[in-house]
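Novice: got a sequence here, can you model it:
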Amino acid sequence: MHSAPFSVEVSVTSLAQENEYISNLDPLKADQLIQKVPFLNLKKDTIELVLLLVDIMPSMHEIHTFDKYQASAAIRDIGFLLGSLKRHQVEPVNIIPELEDKMNLLGDKSGLPPRDTLLHYTVWNPTDSRRRTYTGTQDELYLIDSVVVAMAPLVKCIILLRKLHLTPLNSPEFKAICQEIFTLFEKVIEGIVMARRKVSPSYFANELRFYFDPITLNNREYLGPGAVEMPMFVFDHLLWSSDCQDEEYRIFKETYLPYIHPEMRKVYHEFEDKSSLVSKVCRLADGQIEFNNMILDSLKSLSSCCRLLKSFRMPHKKIAEEAYAHTKKPELLSDKNEHIQRNHGSGGYSTDILTHILNLTNQKIEMLDLCISNFQAPDSGRDMSRN
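Specialist: Numbers count the residues shown, from 1 in each chain. Presented below is the predicted three-dimensional model:
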């Protein structure tokens with residue numbers, strides 16, 4: 001379906017090895033010190049948090065010696081202090097001015113923004129006794145694990161979608177790849193289900209998400225870790241949205257693009273302003289003169305993947321809405337200074353954007369359904385119940 005091979009090759013194995021490698025690193029020798037963070041947050045002890053940040057902060061000379069993996073691990077550990085201070089209404093750079101230059105250099109070395117992202121918080125976070133958290137609670141541990149469960153299968157799905165763009169619609173391989181994507185995406189859904197079942201909406205709304213608020217560096221805001229930094233929009237991009245003209249969704253995608261893995265960014269840019277898979281297969285099917293059962297199977301298999309995406313979006317939207325619904329009213333907060341406008345997430349968007357994306361997804365699903373209906377119409381006597 002493409003005339004030329006892809007310029008980018010992404011290996012799931014190599015990314016998994018990278019995750020494990022970074023999670024095992026401790027370039028700041030912070031393994032023991034970072035375990036104090038939950039206790040200090042419970043006490044709201046900003047003085048000790050600042051001292052701890054100063055204690056683990058590397059010198060500019062040390063940062064210059066770091067490779068990208070060490071830089072990523074360093075940002076991970078510093079990030080837990082940054083998020084903790086901001087949660088207690090302290091802007092880190094106002095207390096430690098040299099923080100800005102150091103974070104900029106670490107960000108440049110890692111190929112990511114100069115603060116921690118969802119990658120640092122989850123798949124680059126050590127396990128067991130080395131696990132870094134803000135609160136040490138079971139809810140937070142489940143929150144981290146829910147992303148870890150979903151991330152690897154999602155990346156694999158994205159890589160398979162790239163392969164699907166190269167696969168002829170009238171080949172058995174197209175359906176086989178779709179079925180593999182379907183199976184993997186069910187594991188992505190397992191992650192969102194874990195979060196919904198194991199993480200208290202009230203606790204997330206009134207405690208955890210304060211740690212993910214933006215911090216100021218370079219006279220601009222940098223977002224904290226958040227589920228919206230999952231490369232789900234890259235999956236969308238390849239499947240149905242690379243040719244979507246909706247301006248609001250384009251801005252949404254470009255807002256979070258800097259926060260995802262550089263390899264996922266390359267995949268996104270590779271398909272920018274090109275036909276999405278759904279558009280491409282519909283055009284090919286419409287141009288098919290004679291009925292072909294293999295093409296119909298391919299179309300239906302792709303439709304199944306689209307519907308599974310929809311089944312992910314619904315609980316995701318529900319979780320976000322429940323979090324906002326459980327946000328305490330200002331008069332019920334023990335600390336009135338904690339009330340920041342919370343009808344928007346730390347990324348600056350309300351749940352309305354999730355409704356908007358779901359509607360756009362549904363429009364593309366309807367387009368594919370119409371294509372399938374038109375394609376099978378000449379042979380309406382055939383049994384079309386099977387996938």
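Novice: strands along the protein, start to end?
Specialist: With strands called from DSSP state E, the chain shows them at 215-217, 220-222.
Novice: tell me what the first one is packed against?
Specialist: With contacts taken as 3 or more Cβ pairs under 8 Å, 6 or more residues apart in numbering; DSSP states H and E, strand 215-217 sits against helix 68-87, helix 92-95, helix 99-110, strand 220-222. Yep, even glycine has a C-beta here, placed from its N, CA and C like the rest.
Novice: coming back round to it: and among the strands of the chain, the most buried is which?
Specialist: The highest mean neighbour count among the strands of the chain, using mean count of other Cβ atoms under 10 Å, belongs to strand 215-217: a mean of 19.
Novice: take the helices and strands packed on strand 215-217 and write them to TSV, including mean pLDDT.
Specialist: Shown next, in TSV, are the helices and strands packed on strand 215-217 (pLDDT from 0 to 100):
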stretch	mean pLDDT
helix 68-87	98
helix 92-95	96
helix 99-110	98
strand 220-222	96
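Novice: P27 is nearest to which of those?
Specialist: Among these, the nearest to P27 by Cβ to Cβ is helix 68-87 (4.3 Å).
Novice: show me what the closest one is packed up against.
Specialist: helix 12-24, helix 37-43, helix 46-56, helix 92-95, helix 99-110, helix 118-121, strand 215-217.
Novice: ok, 7 Å please
Specialist: Taking 3 or more Cβ pairs under 7 Å, 6 or more residues apart in numbering; DSSP states H and E as contact, the helices and strands that helix 68-87 lies on are helix 12-24, helix 37-43, helix 46-56, helix 92-95, helix 99-110, helix 118-121.
Novice: residues contacting Y21?
Specialist: With contacts defined as Cβ atoms under 7 Å, 6 or more residues apart in numbering, Y21 is in contact with Y69.
Novice: could you rerun that using 10 Å?
Specialist: Contact partners of Y21, counting by Cβ atoms under 10 Å, 6 or more residues apart in numbering, are 69, 72-73, 124.
Novice: before we move on, what about D31?
Specialist: D31 makes contact with 77, 126, 129-130, 132, according to Cβ under 10 Å, 6+ apart.
Novice: nearest to N104, of the residues you listed?
Specialist: Once Cβ to Cβ is applied, the member of the contacts of D31 that ends up nearest N104 is D77, at 17.0 Å.
Novice: what is the burial count for that closest one?
Specialist: A count of neighbours around D77, defined by other Cβ atoms under 10 Å, yields 27.
Novice: pLDDT score for the nearest residue to it once chain neighbours are set aside?
Specialist: Leaving aside its chain neighbours, D77 sits nearest to A30 (4.5 Å; criterion: Cβ to Cβ, 6 or more residues apart in numbering). Per-residue confidence (pLDDT) for A30: 98.
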